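>>> Okay, here's the prediction I keep looking at, along with the sequence it came from:
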Amino acid sequence: MSAVENVFVGTDAPLRQVADEWLDPLLALEPIPDGLDSQEEIGLRCQALDADGWLMILVRRNGYAEVNPEPDDVQAFDAYPTEIAIRYRAEDELAQQRQARLVFDRLVATRPDVPMLLVHDLDILVAAHLPAAGTQYFPDNVTVDAPDQDQWRPWGHG
């Protein structure tokens with residue numbers, strides 16, 4: 001399985017703070033053995049939330065964002081500085097999506113003051129949360145790309 005689920009977070013907080021203070025209390029994280037642990041990327045894992053197996057969590061700066069994109073290059077996650085990438089080790093993409101939604105929902109519940117996006121494989125916008133507006137779940141065919149911005153722009157951040 002090569003798909004990944006992404007939670008983009010509207011915070012400039014240090015990555016270690018996001019991992020230790022935001023995610024660890026929700027997920028009981030542990031370091032990935034011989035995994036990434038630097039100022040640029042932190043690799044973690046936890047037991048899946050409602051299934052067997054492990055979730056692999058990578059906390060890093062959003063390297064996909066463009067600062068001043070051309071109108072045709074804008075993406076929903078451009079204004080979100082932090083990325084939490086989520087993979088489920090089982091060969092079940094639907095289970096991975098379910099696990100990521102559970103993580104997203106828990107983050108929103110504990111950090112309702114922080115804008116967030118849930119994205120499938122850097123392509124499909126699953127959900128958006130804005131502090132003043134709440135949380136919106138999108139139909140399956142809404143992408144993060146410019147052609148769909150009329151659907152996600154009201155849920156954009158920044």
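In hand now; what should we look at?
>>> where do the strands sit along this protein?
Under the criterion DSSP state E, the chain contains strands at 5-9, 30-31, 41-47, 54-61, 82-88, 116-120, 124-130, 134-137.
>>> from the middle of its chain, how far away would the last one be?
With CA atoms, centre = their mean, to the nearest Å as the basis, strand 134-137 stands 14 Å off its chain's centre.
>>> longest single helix anywhere in this protein?
As assigned by DSSP state H, the longest helix anywhere in the chain is helix 93-110.
>>> who's in contact with that helix?
1, 3, 5, 7, 9, 22-23, 25-27, 48-51, 55, 84, 86-88, 90, 114, 116, 118, 120, 126-127, 129, 135 (CB atoms under 8 Å, 6 or more residues apart in numbering). All C-beta spots, glycine's among them, are computed from the backbone N, C-alpha and C.
>>> Same question for stretch 146-158.
10, 71-76, 78-80, 115, 117, 125, 128, 130, 133, 136, 138, 142, 144.
>>> Could you list the buried residues of that stretch?
By 16 or more other CB atoms under 10 Å, the buried positions in stretch 146-158 come out as 148-149, 151-152, 155-157.
>>> from the contacts of stretch 146-158, which would you call buried?
Buried among the contacts of stretch 146-158 (16+ other CB under 10 Å): 10, 74-76, 78-80, 115, 117, 125, 128, 130, 138, 142, 144.
>>> Report the strands that pair with the helix-or-strand element of the chain with minimal mean pLDDT, each with its relative direction.
Every helix and strand in the chain was compared by mean pLDDT, DSSP states H and E; the lowest is strand 30-31, with a mean of 88. Strands that pair with strand 30-31, judged by DSSP bridges, come out as strand 41-47 (antiparallel).
>>> If you average the pLDDT over the strand it pairs with, what comes out?
The average pLDDT within strand 41-47 is 93.
>>> How far does that strand sit from its chain's centre?
13 Å.
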